[in-house]
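Participant: A predicted structure for the sequence below; I have some questions about it.
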Amino acid sequence: MTNSKLDPKKLEEAASKLRAIAHPMRIAVIGLLEKQEQMNVTQIYEALGIEQASASHHLNILKTKGVLDSRRSGKNTFYFLKHEALSQMIDCLNRCH
């Protein structure tokens, strides 16, 4: 057993990210962005067959929680995975088994 202490702030941050990705539509968004390096809102909602407002809602949650990032190009906003954040979560989950 390690002598590391549990940091409540870090635990809450991790739990917050896990809650953000624990939704079928957000898992689908992450799946799309694993295949395509970046996509705009239109590409995402068309690929998932959902309304634009719904796609924007899910993208906002994922971005706010640090799972996605975005960049603007003209009138478009392109979303992409923050691989470091996802890798940290996966590593953490793998250690918990």
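Facilitator: Everything's here; your move. Numbers count the residues shown, from 1 in each chain.

Participant: contacts, neighbours, all on C-alpha from now
Facilitator: Fine.

Participant: contacts only, for the nearest residue to V67 once chain neighbours are set aside.
Facilitator: With CA to CA, 6 or more residues apart in numbering as the criterion, V67 has its nearest non-adjacent residue at 5.5 Å, and that residue is K82. For K82, the contact set (CA atoms under 8 Å, 6 or more residues apart in numbering) comprises 66-69.

Participant: neighbours around A20, how many?
Facilitator: Look at A20: counted by other CA atoms under 10 Å, it has 19 neighbours.

Participant: got the phi and psi for the spatially most central residue of the chain?
Facilitator: In the chain, the centroid-proximal residue (CA atoms, centre = their mean) is V67; its distance is 3.1 Å. Main-chain dihedrals, V67, degrees, to the nearest 10: phi -90, psi -40.

Participant: check the gap between the residue nearest to V67 and G66 for me.
Facilitator: K82 sits 7 Å away from G66, going by CA to CA, to the nearest Å.
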